[in-house]
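A.B. asks: model this:
(2 chains)
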There are 2 protein chains.
Amino acid sequence: MENLPDLDNLKFNADGLIPAIAQQYDSGEVLMMAWMNRDSLQRTLQSGVACYWSRSRQAFWQKGESSGQIQKIHAVRTDCDRDTLLLLVDQIGVACHTGRRNCFYLEAQEGGWQEIAPVETDPALLYGKAH
Amino acid sequence: MENLPDLDNLKFNADGLIPAIAQQYDSGEVLMMAWMNRDSLQRTLQSGVACYWSRSRQAFWQKGESSGQIQKIHAVRTDCDRDTLLLLVDQIGVACHTGRRNCFYLEAQEGGWQEIAPVETDPALLYGKAH
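C.D. replies: Residues are numbered from 1 along each chain as shown, chains lettered A, B, ... in the order given. Take a look at the predicted model:
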């Protein structure tokens, strides 16, 4: 995208961040939720691939940079309050660092959080043995 | 649900809150994102209808209490970091206070945020003229 929409009328929080939900554009699967700052959103819109902001590293998090599991952007939406983003993406491979397709694999069931999705790709293959 | 999973191993933020994404359980439509504290999540799991925490009012936000547009819970999931919730719900009526089916109706397009979804229900009918 060349002519970006106005990013300054989005509501970033006190840390300058806005939550971004990533959803597989065709299946509707919710893949993950992460955070963006203004600059990472700008990068995302300009490049067409998702770039988040890592709160733990305080640095850009170019999704898939290490693992190859990139997210191609199909659309970027915001909500009525302009304080949350919804990214419609095409997820290459798996979204979750555990090797699962999406991050939401723990479901509340009677008495505990149950794993409901299998590991599809060995994380050692995604990140190398050092991870 | 009677025997709740352990809510204390979820990661609430410094304000005691965790973001909760609501998704229509059958169509996959992402409806909204709001916040829960431990007590509103407990209420949600026990009652089977979504109850959020209103940051502006600092009070429980029983979704649909005024409008009748409740969310029946089909599943509650958390992610690999245990710091985000995904609610699979059956949305009665519309999720958005603007009368749209979901809140993410503004899409980044060349030069601006474009409205991509129509108002389905007059908000005056949802909340009365005083809203």
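
A.B. asks: residue contacts, residue A:61?
C.D. replies: Residues in contact with residue A:61 (C-beta atoms under 8 Å, 6 or more residues apart in numbering or on different chains) are A:34, A:40, A:51, A:52, A:53, A:54. C-beta coordinates here come from the backbone N, C-alpha and C atoms, glycine included.

A.B. asks: Make sure residue A:92 is actually in contact with residue A:67.
C.D. replies: No - in this structure residue A:92 lies outside contact range of residue A:67 using C-beta atoms under 8 Å: 9.4 Å.

A.B. asks: who has more neighbours, the two?
C.D. replies: Between residue A:92 and residue A:67, counted using other C-beta atoms under 10 Å in any protein chain shown, the more crowded position is residue A:67 (19 against 15).

A.B. asks: Wasn't the more buried one part of a helix?
C.D. replies: No - per DSSP: H, G, I helix; E, B strand; the rest coil, residue A:67 lies outside any helix segment and is coil.

A.B. asks: Pull up the gap between it and residue B:13, please.
C.D. replies: Per C-beta to C-beta, to the nearest Å, residue A:67 is found 27 Å from residue B:13.

A.B. asks: before we move on, the earlier item: now, among the contacts of residue A:61, which is nearest to residue A:82?
C.D. replies: residue A:40 (16.7 Å; C-beta to C-beta).

A.B. asks: all helices for chain A, in order.
C.D. replies: A:38-47, A:123-127 (DSSP state H).

A.B. asks: Of the ones you listed, flag the one that's most buried.
C.D. replies: Mean neighbours per residue, mean count of other C-beta atoms under 10 Å in any protein chain shown, is largest over the helices of chain A for helix A:38-47, with a mean of 18.

A.B. asks: That one and chain B, are they touching?
C.D. replies: Yes - against chain B, helix A:38-47 shows contacts by C-beta under 8 Å from any C-beta of the partner chain at residue A:45.

A.B. asks: Tabulate the CA atom coordinates of that helix in PDB.
C.D. replies: Output in PDB follows, covering the C-alpha atoms of helix A:38-47 (Å, rounded to 0.1, in the frame of the first residue of the first chain):
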ATOM      1  CA  ARG A  38       2.700   2.900  15.000                       C
ATOM      2  CA  ASP A  39       5.900   2.100  13.200                       C
ATOM      3  CA  SER A  40       5.400  -1.700  13.000                       C
ATOM      4  CA  LEU A  41       1.900  -1.100  11.600                       C
ATOM      5  CA  GLN A  42       3.300   1.300   9.000                       C
ATOM      6  CA  ARG A  43       5.900  -1.400   8.000                       C
ATOM      7  CA  THR A  44       3.100  -4.000   7.800                       C
ATOM      8  CA  LEU A  45       0.900  -1.800   5.600                       C
ATOM      9  CA  GLN A  46       3.800  -0.800   3.300                       C
ATOM     10  CA  SER A  47       5.400  -4.300   3.000                       C
END
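
A.B. asks: on that earlier part again, can you say which of the helices of chain A is nearest to residue B:102?
C.D. replies: Comparing the helices of chain A against residue B:102 with C-beta to C-beta, the closest turns out to be helix A:38-47 (20.4 Å).
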